[in-house]
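Engineer: got a structure for you, letters missing:
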């Protein structure tokens with residue numbers, strides 16, 4: 001079981017691939033961070049947002065988790081409105 005609660009019906013091939021990758025990161029904590037966000041928002045992300053999201057999927061699990069949890073500052077090269085949105089999603093902000 002992936003943990004995903006979202007059907008891939010209606011998603012493009014790219015969105016389905018990114019949804020799968022979101023739930024199969026390596027460490028469970030990061031699976032939950034990105035998987036839950038993807039379940040809720042993958043269908044509404046624009047192509048430029050999907051590009052950014054795809055790059056985030058290549059970030060090391062521990063770094064990404066530390067950025068979202070606030071343990072580490074997000075480096076400038078990874079700072080984006082999309083990552084800010086992911087942080088807000090997991091820290092009680094607008095969903």
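Structural biologist: Everything's here; your move. Just so it is clear, the structure is predicted and the values come from calculations on it, not from any experiment. Numbers count the residues shown, from 1 in each chain.
Engineer: so who does the residue most central in space within the chain touch?
Structural biologist: Centrality entry for the chain: nearest residue to the mean C-alpha point is residue 34, 3.4 Å, by CA atoms, centre = their mean. Listed by CB atoms under 8 Å, 6 or more residues apart in numbering, the contact set of residue 34 reads 22-23, 25, 56-57, 64, 86. In this view, the C-beta of every residue, glycine as well, is placed from N, C-alpha and C.
Engineer: same list (those) but as TSV, adding pLDDT.
Structural biologist: Converted to TSV, the contacts of residue 34 look like this (pLDDT from 0 to 100):
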residue	pLDDT
22	95
23	94
25	89
56	96
57	96
64	95
86	96
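Engineer: so how far is residue 28 from the residue nearest to the centre of the chain?
Structural biologist: Distance, residue 34 to residue 28, using CB to CB, to the nearest Å: 11 Å.
Engineer: all helices of this structure, in order?
Structural biologist: 13-23, 28-41, 47-56, 61-69, 81-90 (DSSP state H).
Engineer: where does the chain dip in pLDDT?
Structural biologist: The chain contains residues with pLDDT under 70 at 1-2, 93-95.
Engineer: wait, what's in contact with the closest residue to residue 43 other than its chain neighbours?
Structural biologist: Leaving out its chain neighbours, the residue that sits closest to residue 43 by CB to CB, 6 or more residues apart in numbering is residue 11, at 6.2 Å. Going by CB under 8 Å, 6+ apart, residue 11 touches 19, 42-43.
Engineer: now residue 11: how far from residue 45?
Structural biologist: 11 Å.
Engineer: do the same with residue 3
Structural biologist: 19 Å.
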